[in-house]
Every structure is written in structure tokens, then in C-alpha cells.
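**Q** Return a 3D structure for these sequence lines:
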Amino acid sequence: MRYRPQYAYPKAPRGYKDQDFAYYFSSVGNPALGQNIAAGALITNIPLQLDRDIYLDEPVPFLWRATKVLTNQTGLAVQFAGPDGTLLSNDFEAVGLSYAPGGASPIVGLSSVPNERGIECPLGAVILVSLKNISSAGIVSPVTEIFLMGVKRWKVAA
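**A** Model prediction:
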């Protein structure tokens, strides 16, 4: 598990098992995450498409339990909408924890934020992310990485 929930999650129902899983999206595979953003501007509703896993003739849902965002730019803020379109925060959250491991270029990141109850995402769900530049300078060619962490709930073969 790459995140620490405040409370323990319940075990999978009888006949199922939970397997840790993380979706990874980057500005390399999803160019919309790497767009230039003028000072104060925003880019809304970038789709993050989830898998359509089926195992033993049953859908395998993803239980989204935490989110982590990394970027090489300062001034970036994010806001997510769940698979039903509900916003997960009232406003944009700044991606602003800076560190430079081993003298490397600074990496700016949002520490893992747990979704306490978890969000069940159906097959092929689309998570929407919006980006906002909260700085007074433009963001140019950002390298942005998003991790949606949780579990996939698999049926156990009898």
C-alpha cells in the first residue's frame, strides 16, 4: 500500500480478494496533462480512463482510495471529479511539496491524499482532473504524473 489511511478499510467480501493497484497517468501518455497554462488560467475536465477488467465472468471494480500528483513545475493546482462527476474538493488543491533528492532538480508533489471511504469505480470509468495555474507566471511544458491508488476486487476461483 502506497498510502496510509486514517482508518482500516474493511476486508473484501467472502469469495473476493483485494489486490493493491495503482493507475498511472502522465503528460507523456496523456498530452493534455502537459499543456502550457497561462498565469491564473485553468484546463478543465481532462479524462483519465480506467480499465474494463473482467475475471471469471464478473467485472473487477477499482476501489479508488488515494491520489498522488507529481510535477516539475510550481504553481500547479488540481481538482478531481469521481466517476459520477462529483467534485472531490471544494476548490483546487495546490501541488506544492518541494524536495530535491540527491541534488537533483526539484520535484513538486502533492502527498498521497486518501479517499477515506474509497470510491468504487465501475468498469471503464472516467475520472476527470482539472488543472489550474495559481502562480503569477505561466507554466510551460509541465511534466505531470498522477497516481490513482487503491485496490482491484477480484473474485476468487472456487
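
**Q** all contacts plus neighbour counts: C-alpha atoms, from now on.
**A** Fine.

**Q** Please list the outside residues in contact with stretch 27-47.
**A** Identification of contacts with stretch 27-47 by C-alpha atoms under 8 Å, 6 or more residues apart in numbering yields 26, 126-145.

**Q** Could you rerun that using 10 Å?
**A** Outside of stretch 27-47, the residues within contact range by C-alpha atoms under 10 Å, 6 or more residues apart in numbering are 25-26, 48, 71, 75-81, 85, 125-146.

**Q** Only the buried subset of those residues, as a PyMOL command please.
**A** Applying 16 or more other C-alpha atoms under 10 Å to the contacts of stretch 27-47 leaves a buried subset, and the PyMOL line that selects it is:
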select buried, resi 25+26+48+71+75+76+77+78+79+80+81+125+126+127+128+129+130+131+132+133+134+138+139+142+143+144+145+146
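
**Q** K155: what's it in contact with?
**A** By C-alpha under 10 Å, 6+ apart, the residues touching K155 are 12-18, 54-60.

**Q** So for it, what pLDDT did the model give?
**A** pLDDT for K155: 88.
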